[in-house]
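Student: let's see this in three dimensions:
(one chain, ligands or ions: 1)
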Amino acid sequence: MNEGNLNYFGPRISTPKPRTFELTGKKEREGLTPEEEGELRGLFAHPDNPEAASLLQKEYLASQGIGQMSDEERERLRIIRMEKYRRERRVEPSENAPSKLDEKKQAEASAAELHMLYIQAKIAALKGHWDGLPKEVIDRMIQAIPDDVTVYTKETLHSMPKDEPSEIELYFLSKIQNLPDFRKDDKPEGALRIMESIRCLRDKIRTKKFLAGLTEALNNIGSSEKSEIEMCDAGTGAIPILAIYAALSSEKVRCTAIELNPNSAAIAEKVVEAFGLQDRIKILRTDAIKFEPEKQIDLLISETMHSGLTAEPMVQILSNLNKYLKEDGVALPSAVRIKAALVPLNDWTSPKGFVKIYGNLHHVVSPNWEEVVHYEPGDNLEEIAFNVPVEGAPKGSYFVLVTSEVDIGSQRINSYQSLITMPQFLRDAKSDPMIFDIKDSDSRHSISVTYKPGEMLDGVSRLD
Ligand SMILES: C[S@@+](CC[C@H](N)C(=O)[O-])C[C@H]1O[C@@H](n2cnc3c(N)ncnc32)[C@H](O)[C@@H]1O
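Tutor: Next up, the predicted model:
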């Protein structure tokens, strides 16, 4: 199965390593030798790559003036990091980067092919279950989604479900003649790949709450005298679920659905036609940050965000389009609150549990979250800047986590319920998790964090 596409989001982990628990415990109790400290840093940064972990240990020791690292070893670590970075961020290689690209592309193409076959088989098996009016079918699937995620303990990790296509995703894909070719899934800068946008429908609580918030807004707007509801769905994806669900919910809806990735937009058009909604939903292949609508908007919606308002351009999109919102118009999401917390390393390695969101496993910890940013559509948020206080924190090693809560009208997506709210930790410029060591005599007051909405949390912090 192709599990790779969205791995760059958040602190994805493999199953926790016993050695990590052991070293973190020892660090807490009696402290670590430099060798062990280096080993621990290696395990955090590269849990699945023993070679990289050991090179990182060497790098740490060399930085402490203990031992040496040869030029070959430094080069090898650079290459591994570059590959990891590229794999996680899907960036194209720079000129002097090593080229294992063909191999990687081939592996991705085979994974994509398998994925397509799997989806086809699933659709064939489920087709008979979807009789009835589309709105009723979708509502049935939405009702079946639980209101909260399952939290697994270490003991129950083995019983976790695999990363499965969601039934909603399969239902929409079953409507079009040919499946998109996920083997040729390129994208323009800033957009998501076809498969990445489709995978959002595996983020089930996100989808459920967005549709419930959308229904609420449509009911409020629809109860007025308006004969038409002018809607804009900015970042509609290959499966334009928000636009289609709105149009199926109210005859008054006329939607402009904008998508930056032309390949996704082409599929979205086919899906809209399959539902017979082409006269009411117009798919536009353009950049929602620059788009100037002809008509004023009653209902503006955009799900182009990641937790901490990183990685995706929702703030810029809403800053542009909110200008065209009618005075009594509604913009969704209605609010995003960013929260941050200092998390002892030990809590991270002895988490309260784990959640899995489409294939990625995430630790659940319960730090004291501090709200650091309250954002609403139209706010001029050019920069996200906040301090995480360290004063008074017992000596020890810490991560800084950043998370979001998202409101869609009265619907709230909490941390851990969705990939768009999942806590992420600050990383250094090389994209390895940052560990902050706080000492007894520490006179430093806070960790300052500054980034632009849509950026990643890499190299954005300073211990003051
Ligand atoms: C997270 S997906 C959401 C898809 C769908 N609306 C949903 O809720 O399932 C966001 C989509 O927005 C698109 N996108 C990102 N930046 C954009 C921009 N500047 N203009 C238009 N679309 C954009 C991405 O390519 C992606 O398909």
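Student: contacts and neighbour counts: CA atoms only from here.
Tutor: Fine.
Student: which bits of this protein sit near the ligand?
Tutor: Contact residues, the chain versus the ligand (CA under 6 Å from any ligand atom): 190-192, 197, 200-201, 234-237, 240-242, 258-261, 286-289, 303-304, 313.
Student: now, those that are in strands?
Tutor: Counted as lying in strands by DSSP state E, out of the residues of the chain next to the ligand, are 234, 258-259.
Student: P180: neighbour count?
Tutor: 18 (other CA atoms under 10 Å).
Student: so which of the ones in strands among the residues of the chain next to the ligand wins on neighbours?
Tutor: Counting neighbours by other CA under 10 Å, A234 leads these with 29 neighbours.
Student: picking that back up, which of the residues of the chain next to the ligand are buried? Put it as a ChimeraX command.
Tutor: In ChimeraX, a selection of the buried entries from those looks like this (16 or more other CA atoms under 10 Å):
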select :191,192,197,200,201,234,235,236,237,240,241,242,258,259,260,261,286,287,288,289,303,304,313
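Student: give me the subset of the residues of the chain next to the ligand lying in helices.
Tutor: Mapping these onto helices (DSSP state H) picks out 197, 241-242.
Student: what are the buried residues along the longest helix along the chain?
Tutor: Longest helix of the chain, by residue count under DSSP H: helix 101-126. Under the neighbour-count criterion of 16+ other CA under 10 Å, helix 101-126 has 108-109, 111-116, 119-120, 122-123 buried.
Student: now G359: closest residue in space, sequence neighbours ignored.
Tutor: By the measure of CA to CA, 6 or more residues apart in numbering, the closest residue to G359 outside its immediate chain neighbours is D163, 4.4 Å from it.
Student: where does that neighbour land in three-state SS?
Tutor: What DSSP: H, G, I helix; E, B strand; the rest coil gives for D163 is coil.
Student: count of neighbours near it?
Tutor: Using other CA under 10 Å, D163 has 15 neighbouring residues.
Student: that one against L201, yeah?
Tutor: No: D163 is not in contact with L201 according to CA atoms under 8 Å; the separation is 12.0 Å.
Student: coming back round to it: any idea how far the residue nearest to G359 is from L192?
Tutor: D163 sits 19 Å away from L192, taking CA to CA, to the nearest Å as the criterion.
Student: which parts of the stretch 51-200 of the chain are helices?
Tutor: Along the stretch 51-200 of the chain, counting by DSSP state H, counting those that start in this stretch, helices occupy 71-89, 101-126, 134-143, 167-174, 194-199.
Student: am I right that A247 sits in a strand?
Tutor: No: per three-state DSSP, A247 lies outside any strand segment and is helix.
Student: so what's it up against?
Tutor: By CA atoms under 8 Å, 6 or more residues apart in numbering, the residues touching A247 are 253-255, 277, 280-281.
Student: swap in F210?
Tutor: Residues near F210 by CA under 8 Å, 6+ apart: 242, 408, 411.
Student: turn these into JSON lines, including pLDDT and distance to E169.
Tutor: As requested, the contacts of F210 are exported to JSON lines (pLDDT from 0 to 100; distance: CA to CA, whole Å):
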{"residue": "L242", "pLDDT": "98", "distance to E169": "13"}
{"residue": "I408", "pLDDT": "98", "distance to E169": "21"}
{"residue": "Q411", "pLDDT": "98", "distance to E169": "22"}
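Student: what is the nearest of the residues you listed to the ligand?
Tutor: Taking CA to the nearest ligand atom as the measure, the ligand lies nearest L242 of the contacts of F210, at 6.0 Å.
Student: who are the contact partners of the closest one?
Tutor: Residues near L242 by CA under 8 Å, 6+ apart: 210-211, 214, 233, 236.
Student: if we go to 10 Å?
Tutor: Contacts for L242 (CA atoms under 10 Å, 6 or more residues apart in numbering) come out as 207, 210-211, 214, 232-236, 248, 255, 257, 301-303.
Student: ok, now S307?
Tutor: 9-10, 336-339, 402-406, 415, 418-424, 454.
Student: what of P313?
Tutor: 190-191, 235, 288-289, 302-306, 452-455.
Student: before we move on, what about Y118?
Tutor: Each residue near Y118 by CA under 10 Å, 6+ apart is listed here: 1, 112, 124, 164-165.
Student: so for the residue in the stretch 301-450 of the chain positioned nearest to the ligand, what's the nearest residue that isn't a sequence neighbour?
Tutor: Here the residue of the stretch 301-450 of the chain nearest the ligand is T304; by CA to the nearest ligand atom that distance is 4.5 Å. Spatially, and ignoring its direct neighbours in sequence, T304 is nearest to M314 (4.9 Å; CA to CA, 6+ apart).
Student: and the contacts of F210 as a markdown table, adding distance to S70?
Tutor: Listed next are the contacts of F210 as a markdown table, based on distance: CA to CA, whole Å:
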| residue | distance to S70 |
| --- | --- |
| L242 | 54 |
| I408 | 54 |
| Q411 | 55 |
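Student: closest one to N178 out of these, please.
Tutor: Among the contacts of F210, L242 lies closest to N178 (CA to CA), at 21.9 Å.
Student: just give me the longest strand of this structure.
Tutor: strand 396-408.
Student: in its sheet, what does it sit against?
Tutor: Paired with strand 396-408 in the same sheet, following DSSP bridges, are strand 335-344 (antiparallel), strand 411-413 (antiparallel), strand 424-425 (antiparallel), strand 436-438 (antiparallel).
Student: give me the below-cutoff pLDDT ranges for the protein.
Tutor: Applying pLDDT under 70 to the chain flags residues 1-17, 85-102, 158-162, 441-442.
Student: please identify the most buried of the strands paired with strand 396-408.
Tutor: The highest mean neighbour count among those, using mean count of other CA atoms under 10 Å, belongs to strand 424-425: a mean of 24.
Student: distance from that one to the middle of the chain?
Tutor: 11 Å (CA atoms, centre = their mean, to the nearest Å).
Student: what of stretch 356-369?
Tutor: Here stretch 356-369 shows a centroid-to-chain-centroid distance of 12 Å under the convention CA atoms, centre = their mean.
Student: of the ones in helices among the residues of the chain next to the ligand, closest to I138?
Tutor: Minimum distance to I138 across those is 9.9 Å, recorded for I241 (CA to CA).
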